[in-house]
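> Kindly generate the corresponding structure for this input.
(4 chains)
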Protein chains: 2
Amino acid sequence: MRYFQRTFHKMPKLEIPRKAVYRLSLYYRALQRLKGNAVETVSSAALAKVAGVKPTQLRKDLAYFGQLGTRGLGYSVAHLAQTLREALGTARLQPVILIGVGHLGSALVRYRGFEKEGFEIVAGFDADAESIRRDELGLPVLPMTQLRSFIQDRQVKLAILTLPVTVAQEVTNSLVENGIQAILNFAPTVLQVPDGVVVNNVDLAIELENLSYFIR
Amino acid sequence: MRYFQRTFHKMPKLEIPRKAVYRLSLYYRALQRLKGNAVETVSSAALAKVAGVKPTQLRKDLAYFGQLGTRGLGYSVAHLAQTLREALGTARLQPVILIGVGHLGSALVRYRGFEKEGFEIVAGFDADAESIRRDELGLPVLPMTQLRSFIQDRQVKLAILTLPVTVAQEVTNSLVENGIQAILNFAPTVLQVPDGVVVNNVDLAIELENLSYFIR
DNA sequence: CTGTGTGAAGGCTTTCACAGCC
DNA sequence: GGCTGTGAAAGCCTTCACACAG
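Numbers count the residues shown, from 1 in each chain, chains lettered A, B, ... in the order given. Alright, predicted model coming up:
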């Protein structure tokens, strides 16, 4: 996971703490639920409780985007949700490609939980593309040779990596060369990428080891 | 993810920073690779590079466990690996249960990357246990009614949750009641647990949203 | 001379306390 | 009175600088 300085066209005046961005997603989720229950305004205390954080922290996080609440009243659920959507860049559907269509990759494709959050997996890539039953997935599965043209034609910026460690770095280099700017990496290895490319790691063994440490 | 105070029987004198524990896993992985290449000693600079951290940070992290290195020389690969194994509690194989044997759950079972890290998924549980083709998984899949006896008989402390949001909290309560101490949660919701129970969340939509934020 | 161990400094994040607005 | 917005304080983690051991 990396963090870097940027000039934003409009959004925040100050640079937002890295961890705060994660929390924005939690707030957004909580707001969706409130919206479903036809709630119109919510206090920082109530929203923070659902998101599992302290009220002051929530207010600090939101303050990066200006004065969003009304004193004495709280936040407008609809307005705040919209602001967060735009801040997170999920106001428009983002195309994502998935590299490595094995067990885990296939499960992620079928998971479908991404779409309502603003992401669409538009294609899978695999070294052995021929052998994959693509109709079961409802997704085109292409050979790696088509990576370059696909990324460039479709202007894809986001990739999910569900590959064996042995080829992860090599494929990453190729992704970066072709214009991918952000990678969600499931391979249990530290990827080397140039500045300006962001990697988030999801490492299941590390999560288990971490839990294991705290059990006694 | 939660953090809490504990009295440890032996390990560290001081409390280890929460994030440092994650890095211990990275170091351990890197050491395994060095071991494979028959490397006997390694400097903090070399090990840190592979793990993607700064040498001073690595030394600070390791210092929590006492004087592990030799000045002027570095660390013994074998000895350090063993120390980390014990610290992380993966020196012995830990039994893990998986709750919710859908697409994602099945993919995790088949993934098998856990075993060499010291974890064994010993059973799956599902509300609809009957309908799951258990021979393809090579894993017993049991109905939820057997949760209690299984956890208690096998002394299971770790659970992986791959369930829909709607039932996640309810099942969590049941797990905690029956003695589960740590949960790796894939459901996109904030679980409420009592003190003494640790939850690590793996939330794919949040990871994507986070990446999306940093793309411009 | 090499490379670890560590107090001290620095930087980042969270929490507090309360001013300010509805 | 209720609840947000925010400077200041506290807490936590990382990095530095260097003493010290081999």
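
> For chain A, name the helix or strand with the lowest mean pLDDT.
Within chain A, judged by mean pLDDT, DSSP states H and E, the helix or strand with the poorest mean is helix A:134-137; its value is a mean of 72.

> Can you give the strand pairings for the next helix or strand after that helix, parallel or anti for each?
Per DSSP states H and E, helix A:134-137 leads on to strand A:141-142 as the next helix or strand towards the C-terminus. Listed by DSSP bridges, the sheet partners of strand A:141-142 and their directions read strand A:119-125 (parallel).

> So for the strand it pairs with, mean pLDDT?
Taken as a whole, strand A:119-125 has an average pLDDT of 96.

> Likewise for stretch A:204-216?
Per-residue pLDDT values over stretch A:204-216 give a mean of 93.

> Any part of that stretch near chain B?
Yes. When contact is scored as C-beta under 8 Å from any C-beta of the partner chain, part of stretch A:204-216 falls within range of chain B: A:204-216. In this view, the C-beta of every residue, glycine as well, is placed from N, C-alpha and C.

> Give me the contacts around that stretch.
Contacts to stretch A:204-216, defined as C-beta atoms under 8 Å, 6 or more residues apart in numbering or on different chains, come from residues A:186, A:188, B:3-4, B:6, B:8-9, B:21-22, B:24-26, B:28, B:87-90, B:94, B:96, B:108, B:111, B:113-114, B:117-119, B:157-158, B:181-184, B:198, B:200, B:202.

> what domains does the record give for chain A?
If you go by automatic domain parsing, the domain ranges for chain A are A:18-87, A:94-208.

> Out of those, flag the one nearest DNA strand D.
domain A:18-87 (2.9 Å; C-beta to the nearest atom of the strand).

> can you tell me how far A:Thr145 sits from DNA strand C?
Using C-beta to the nearest atom of the strand, to the nearest Å, one gets 40 Å for the distance from A:Thr145 to DNA strand C.

> Checking that residue next. Helix, strand or coil?
Following DSSP: H, G, I helix; E, B strand; the rest coil, we place A:Thr145 in the helix state.

> quick one: contacts for the closest residue to A:Pro143 other than its chain neighbours?
Sequence neighbours aside, A:Ala129 is the residue nearest to A:Pro143 in space, at 4.2 Å (criterion: C-beta to C-beta, 6 or more residues apart in numbering or on different chains). Taking C-beta under 8 Å, 6+ apart as the definition of contact, the neighbours of A:Ala129 are A:Val101, A:Val141, A:Leu142, A:Pro143, A:Met144.

> from what I can see the fourth one touches A:Ala123, true?
No. Here A:Pro143 lies out of contact with A:Ala123, judged by C-beta atoms under 8 Å, at a distance of 11.1 Å.

> who has more neighbours, the two?
A side-by-side neighbour count of A:Pro143 and A:Ala123, using other C-beta atoms under 10 Å in any protein chain shown, places A:Ala123 first with 20 against 12.

> So the closest residue to A:Leu58 other than its chain neighbours: helix, strand or coil?
Spatial nearest neighbour of A:Leu58, excluding adjacent residues (C-beta to C-beta, 6+ apart): A:Ala48 at 4.3 Å. For A:Ala48, the assignment made with three-state DSSP gives helix.

> measure A:Ala48 to A:Pro55 for me?
For A:Ala48, the distance to A:Pro55 equals 4 Å [C-beta to C-beta, to the nearest Å].

> Look at these two and report which has more neighbours.
Higher neighbour count among A:Ala48 and A:Pro55: A:Ala48, with 22 against 14, using other C-beta under 10 Å.

> list the contacts for the residue of chain A most remote from its centre?
Residue distances from the centre of chain A (C-alpha atoms, centre = their mean) peak at A:Gly72, which lies 33.8 Å from the mean C-alpha position. Shown here is A:Gly72, which makes no contacts under the criterion C-beta under 8 Å, 6+ apart.

> can you confirm it is in a strand?
No. Checked against three-state DSSP, A:Gly72 lies outside a strand; its state is coil.

> What score does it have for pLDDT?
For A:Gly72, the model assigns a pLDDT of 96.

> ditto for A:Tyr111
We note a pLDDT of 84 for A:Tyr111 in this prediction.
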